[in-house]
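Engineer: A structural model of the following input is requested.
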Amino acid sequence: MQHMKLQEHQAVTFVHRDKAHTHVHLYVNCFNVNGSAYNDSFIEKKSQLAASELSKN
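Structural biologist: Residues are numbered from 1 along each chain as shown. Predicted coordinates:
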């Protein structure tokens, strides 16, 4: 999650193989371990970049 800078946030992921394609659901706490809220400006673009990077691996 380097693009989104979520290293200090709690997260859980679920891999689903119940469709024709494997996909992942990612749930991330909007507050980091210090209690600061995540700045969600441009979150759609950031998540697109992160998903694109992950799909290459």
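Engineer: isn't there a helix covering Ala53?
Structural biologist: Just to correct that, residue 53 is Glu rather than Ala. Yes: when the secondary structure is assigned by DSSP: H, G, I helix; E, B strand; the rest coil, Glu53 falls within a helix.
Engineer: check the gap between it and Lys46 for me.
Structural biologist: From Glu53 over to Lys46 the distance is 11 Å, taken as Cβ to Cβ, to the nearest Å. (C-beta placed from N, C-alpha, C; glycine too.)
Engineer: of these two, which one has the most company?
Structural biologist: More neighbours sit around Lys46 than around the other of Glu53 and Lys46, counting by other Cβ atoms under 10 Å; the figures are 16 against 12.
Engineer: neighbours around Phe42, how many?
Structural biologist: 11.
Engineer: for this structure, longest strand please?
Structural biologist: Of all the segments of type strand in the chain, defined by DSSP state E, the longest one is strand 23-32.
Engineer: give the contact list for the residue nearest the centre of the chain.
Structural biologist: Among the residues of the chain, the smallest C-alpha distance to the mean C-alpha position (Cα atoms, centre = their mean) belongs to Leu26, namely 5.4 Å. The neighbours of Leu26, taking Cβ atoms under 8 Å, 6 or more residues apart in numbering as the test, are Ala11, Val12, Thr13.
Engineer: from memory Tyr14 sits against Thr22, does it?
Structural biologist: To be clear, residue 14 is Phe; Tyr isn't right here. No: using Cβ atoms under 8 Å, Phe14 is not in contact with Thr22; the gap is 11.3 Å.
Engineer: next, the buried residues of stretch 43-57.
Structural biologist: Lys46, Ala50 (16 or more other Cβ atoms under 10 Å).
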